[in-house]
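Asker: Need a 3D model of the following:
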Amino acid sequence: MHYLIFSRIIPESKIAILLYCGELVFSFTLFLFFIQFMRAEEYGTQILETVIGFVEAWDPNLEGHTINVRNLTLLLYDELPLRYRIRLNPKRLACAALLLDFGKLGVPYDIIIKRGKLEDGEKAILRQHPEIAARILNQIPSFEKIAEWIKYHHERVDGKGYYHFEGSEIPLESRILAVADTFSALTMERNYKSSLTYTEAIAELKLVSGKQLDAEIVEYFCQIPLRKIEESLGAVKKTMKFYLTENREVIYEEETKN
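Answerer: From the prediction side, this is the model:
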């Protein structure tokens, strides 16, 4: 499947090497392949979104989630007070949002797509995905901060998370990403659960505010107009429909060749 998706992006000789190396090395090598474009901020996130969009279009548990998190993160950024915004780089924040689940490529696929509750061992494996992403991204010059934000985006502000950081010990960017990620996960369909409405999801955010999520960041998120959130989700669905259509066309072309 990866061959079909990326054959229009990467020459066949490189694809052969990537497939031989395995999924995680494949993902890392692919990332290095287009990292040169990431330094051109005007095009970097567009390229990253395209690659992620093609991959997520085939996963019922990821379809558009990453792009939705990026959109919600930027909407949240707009609601933050100036004292926070002057500390943040929205373009790098958007890049981090798009790479938030990058480490899941190092998690067995049967765990990612499993219906129902995960076993304790499976949960332990899944919890490693921020660390996996951080280890990979730390190898890329100038991505150390983004790696740090992703590593701690599941940390709880009450100190009961993976690394037992509390409150402001967790990077501001990680706390922002955590709120956007949680809201998106609550409001998008999964093969093991139905989505929540806007009102239900906001209630859930408030319920874990000050425990799992930063209370102040949750408050600012709740100030985002519903219209903007609905427009964002509509745009994500439209974008993912395009990627899924494109993927099917690639497969059809390959099948007709054979």
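Asker: got any ranges where the stretch 51-200 of the chain has weak pLDDT?
Answerer: Low-confidence segments of the stretch 51-200 of the chain (pLDDT under 70): 54-63, 112-113, 190-193.
Asker: for it, what spans make up the helices?
Answerer: Counting by DSSP state H, counting those that start in this stretch, the stretch 51-200 of the chain forms helices over residues 65-79, 82-85, 90-98, 109-112, 120-126, 129-137, 144-151, 172-187, 198-208, given from the N-terminal end onward.
Asker: Turn those into a markdown table, including distance to V51.
Answerer: For the C-beta atoms, the positions are set from N, CA and C on the backbone; glycine is no exception. Shown next, in a markdown table, are the helices of the stretch 51-200 of the chain (distance: least, CB to CB, whole Å):
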| stretch | distance to V51 |
| --- | --- |
| helix 65-79 | 11 |
| helix 82-85 | 28 |
| helix 90-98 | 9 |
| helix 109-112 | 18 |
| helix 120-126 | 22 |
| helix 129-137 | 15 |
| helix 144-151 | 16 |
| helix 172-187 | 19 |
| helix 198-208 | 28 |
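Asker: Mind exporting the C-alpha coordinates of stretch 133-153 to PDB?
Answerer: Listed next in PDB are the C-alpha coordinates belonging to stretch 133-153 (Å, rounded to 0.1, in the frame of the first residue of the first chain):
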ATOM      1  CA  ALA A 133       8.500  10.200  17.600                       C
ATOM      2  CA  ALA A 134      10.800  12.300  19.800                       C
ATOM      3  CA  ARG A 135      13.800   9.900  19.300                       C
ATOM      4  CA  ILE A 136      13.400  10.100  15.500                       C
ATOM      5  CA  LEU A 137      12.800  13.800  15.300                       C
ATOM      6  CA  ASN A 138      15.800  14.500  17.700                       C
ATOM      7  CA  GLN A 139      18.100  13.200  14.900                       C
ATOM      8  CA  ILE A 140      17.000  16.100  12.600                       C
ATOM      9  CA  PRO A 141      18.700  19.500  13.100                       C
ATOM     10  CA  SER A 142      16.400  22.200  14.400                       C
ATOM     11  CA  PHE A 143      13.600  19.800  15.300                       C
ATOM     12  CA  GLU A 144      14.700  19.200  18.900                       C
ATOM     13  CA  LYS A 145      12.000  21.600  20.300                       C
ATOM     14  CA  ILE A 146       9.300  20.000  18.200                       C
ATOM     15  CA  ALA A 147      10.400  16.600  19.400                       C
ATOM     16  CA  GLU A 148      10.200  17.800  23.000                       C
ATOM     17  CA  TRP A 149       6.600  19.200  22.500                       C
ATOM     18  CA  ILE A 150       5.500  15.900  21.000                       C
ATOM     19  CA  LYS A 151       7.200  13.800  23.700                       C
ATOM     20  CA  TYR A 152       5.200  15.600  26.400                       C
ATOM     21  CA  HIS A 153       1.800  16.200  24.700                       C
END
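Asker: pretty sure S195 is touching F183, no?
Answerer: No - under the criterion of CB atoms under 8 Å, S195 makes no contact with F183, lying 11.1 Å away.
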